[in-house]
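Asker: 3D model of this:
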Amino acid sequence: MPLSLLHRLASAQLPVSFTEGGDIDAIRMLALAGHVQAVIPRPVRTLSGHHQPAATVSAITPLGRQMMDRFPREAEVG
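Answerer: Coordinates of the predicted model:
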């Protein structure tokens, strides 16, 4: 999932914001690995649990670009 998101980010106009939990988790992993520069706010406690504000990716790092070169996007089956 994180690698496919990295490929999606490469074709997007940055900065890009994400609100879905799975995407935010993948962005967190990519940021921790040093593949993207991102701002990921801490979850906010609410009366019904937690709310995760949007995460914003501002750049793909040189290491992230190397990962995309090493692991190219798989051909889509159709």
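
Asker: just the strands in the protein please.
Answerer: In the chain, the strands defined using DSSP state E lie at 16-18, 36-39, 44-46, 49-51, 55-60.

Asker: helices and strands around the third one, which ones?
Answerer: Counting contacts by 3 or more Cβ pairs under 8 Å, 6 or more residues apart in numbering; DSSP states H and E, strand 44-46 is packed against no other helix or strand. All C-beta atoms are positioned from the backbone trio N, CA, C, and that covers glycine.

Asker: picking that back up, can you add distance to E74 and mean neighbour count and give the strands of the chain back as TSV?
Answerer: Compiled in TSV, the strands of the chain are given as follows (distance: least, Cβ to Cβ, whole Å; neighbours: other Cβ atoms under 10 Å):
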stretch	distance to E74	mean neighbour count
strand 16-18	21	17
strand 36-39	20	19
strand 44-46	36	9
strand 49-51	34	9
strand 55-60	19	18
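
Asker: what would those strands look like in CSV with mean pLDDT and distance to L9?
Answerer: Shown next, in CSV, are these (pLDDT from 0 to 100; distance: least, Cβ to Cβ, whole Å):
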stretch, mean pLDDT, distance to L9
strand 16-18, 97, 7
strand 36-39, 98, 7
strand 44-46, 91, 25
strand 49-51, 89, 24
strand 55-60, 98, 6
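
Asker: can you name the farthest residue from the center of the chain?
Answerer: The outermost residue of the chain, judged against the average C-alpha position, is L47 (27.9 Å), by Cα atoms, centre = their mean.

Asker: quick check, pLDDT for the spatially most central residue of the chain.
Answerer: Nearest to the geometric centre of the chain sits I27, at 2.9 Å (Cα atoms, centre = their mean). Model confidence at I27, expressed as pLDDT, equals 96.
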